[in-house]
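>>> Fold the stuff below for me.
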Amino acid sequence: MDKRIVANELLLEEAAKLMEEGREVNFTPLGSSMLPFIKGGKDSVRLQKKPSVEVGDIALVRLAGPRYVLHRVIRVDGDDITLMGDGNIAGTESCKSEDVMGTVVAIVKKNRTVIPGKARLWRILKPFRRYILGIYRRIAL
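Below you'll find the model as predicted:
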């Protein structure tokens, strides 16, 4: 299988159309904002459009710009959604439910597929992420 590099906007808008049709899409995200659960450039994700998102879901959202992020939902307040990358120690993004393009249903690592959980413990450990991620980056990357 040949790999192609495609501009984010083109790829993700096409992915959104496919998910709206009820199809599942796969792609390899870049960056380190979802460490330690998703390694940018190495792991791939499978996404589907769901009727709604819940706290703990990993969602692909379209922000102003257009800018796209694949981050975990940390708060849902009616139509307002707040997200934060698992690899971030501060900083959040806000969007509306209509900005959610899809939800991660599987993370594909080297030889295995992982069904993402809600990361309850990871969210509780937020005050200690700086230290945990520092150790993780030294050991695993």
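>>> Kindly list the single helix or strand of the protein that scores lowest on mean pLDDT.
Least confident element among the helices and strands of the chain, by mean pLDDT, DSSP states H and E: helix 8-20 (a mean of 87).
>>> From start to finish, how long is stretch 112-120 in a straight line?
End-to-end distance for stretch 112-120: 22 Å, by C-alpha to C-alpha, to the nearest Å.
>>> picking up where we left off before, buried sites along the least confident helix or strand of the chain?
Burial within helix 8-20, assessed by neighbour count using 16 or more other C-beta atoms under 10 Å, is assigned to 12, 15-16, 19. Backbone N, C-alpha and C define where each C-beta goes, glycine included.
>>> Turn these into JSON lines, including distance to Ser94.
Supplementary listing: the buried residues of helix 8-20 in JSON lines, determined by distance: C-beta to C-beta, whole Å:
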{"residue": "Leu12", "distance to Ser94": "19"}
{"residue": "Ala15", "distance to Ser94": "22"}
{"residue": "Ala16", "distance to Ser94": "19"}
{"residue": "Met19", "distance to Ser94": "21"}
